[in-house]
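Q: Please work out how this folds:
(one chain, ligands or ions: 1)
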Amino acid sequence: MSANTVGAQKQATPRLLEVDNLTVTTRGGDVLVRDVSFRLDAGERLSLIGESGSGKSLTSFALTGLLPDGLQATGSVLLDGVPVIGARERDLVALRGQVASTVFQEPMTALDPLMRLGRQVGEPLRRHLGLRGDALRRAVHDALAEVGLPEPERIARAYSWEISGGQRQRVAIAAALACRPRLLIADEPTTALDVTVQADVLALLERLVAERGMALLFVSHDLAVVSRMAQRAIVLRQGRVVEEGAIGGLLSEPRDPYTAELVRSARELDAALELP
Ligand SMILES: Nc1ncnc2c1ncn2[C@@H]1O[C@H](COP(=O)(O)OP(=O)(O)OP(=O)(O)O)[C@@H](O)[C@H]1O
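A: Sure, this is the predicted structure:
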């Protein structure tokens, strides 16, 4: 194979995620996210930070075509080279779960209260990997065991309202990761949980991301958590990117006044916070 051919092949491998001028508007013309652009490579850990209402969730929803009804995305989102904006729902279903999966803030909304948990974890395995019968049952059991749930058989038979909030988030993580996506989008995955289980769920995500070499887009307003989970961060304010860079630099020498304010209030909130 010539050097030229190798070069051409390398170029042909798409980036995991390329976002250019992503803009989210309401039908009435209000701009909620404006001109957001960033890249994420395989295995990289990036955070979206910003105060409540800064556009973090809408940005993360737009990446897999999950914006709520009534909102419209423009610009370009390429997920593994496939355009998301304007794509047919059918094509997005193929990307979700296999290329990129999302874990949401409130696990209750991600899980169907009328369906046994095992079936919900099994659904992506059936749909994407074609597993059936014993193979499917084993894969569901393994997925539940891998997220540290005791008694996976019991959990598989249970409904979401029969287990604790922390366990629910573990089940949602198991469902999101069942098909081994290359990118995990975690939208404030511990905010709705009791503080005593937050650390456990973060440790679980950290372990799974490291073990599988997954890329992570971690959405949070909590700088202490971000400094643990990500290498790089994008700071959003009122729907715009105000700063981007390595976490260490953002925390020690924030360039934008808004980032400086976030760092200051985080330090104030928790004097014991271990920031560099
Ligand atoms: N479906 C919607 N219709 C109209 N406006 C919306 C809709 N969803 C969100 N917004 C508005 O868009 C802005 C950005 O919302 P978004 O949920 O992305 O913020 P966020 O940074 O994730 O905040 P939080 O940390 O509170 O979740 C907010 O002003 C919000 O009120």
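
Q: Show me where the stretch 151-276 of the chain dips below the pLDDT cut-off.
A: By pLDDT under 70, the weakly predicted segments of the stretch 151-276 of the chain are 270-276.

Q: got the residues of it near the ligand?
A: Applying C-beta under 6 Å from any ligand atom, we find that the stretch 151-276 of the chain lies next to the ligand at H221. Yep, even glycine has a C-beta here, placed from its N, CA and C like the rest.

Q: Indicate the residue of the stretch 151-276 of the chain located nearest to the ligand.
A: Of all residues in the stretch 151-276 of the chain, the one sitting closest to the ligand is H221 (5.3 Å; C-beta to the nearest ligand atom).

Q: And what about the residue nearest to that residue when sequence neighbours are not counted, helix, strand or coil?
A: In space, and not counting its chain neighbours, H221 is closest to E51: 6.0 Å by C-beta to C-beta, 6 or more residues apart in numbering. At E51 the chain is in coil, as set by DSSP: H, G, I helix; E, B strand; the rest coil.

Q: So E51 versus G165, what's the distance?
A: According to C-beta to C-beta, to the nearest Å, E51 stands 24 Å off from G165.

Q: Next: V140.
A: 21 Å.

Q: who has more neighbours, the two?
A: Neighbours were counted for V140 and for G165 using other C-beta atoms under 10 Å; V140 has more, 27 against 16.

Q: Surely that one is in contact with L125?
A: Yes - assessed by C-beta atoms under 8 Å, V140 is found in contact with L125 at 6.9 Å.

Q: Pull up the overlap in contacts between these two.
A: Shared contacts of V140 and L125, defined by C-beta atoms under 8 Å, 6 or more residues apart in numbering, comprise A178.

Q: Alright, calling it a day.
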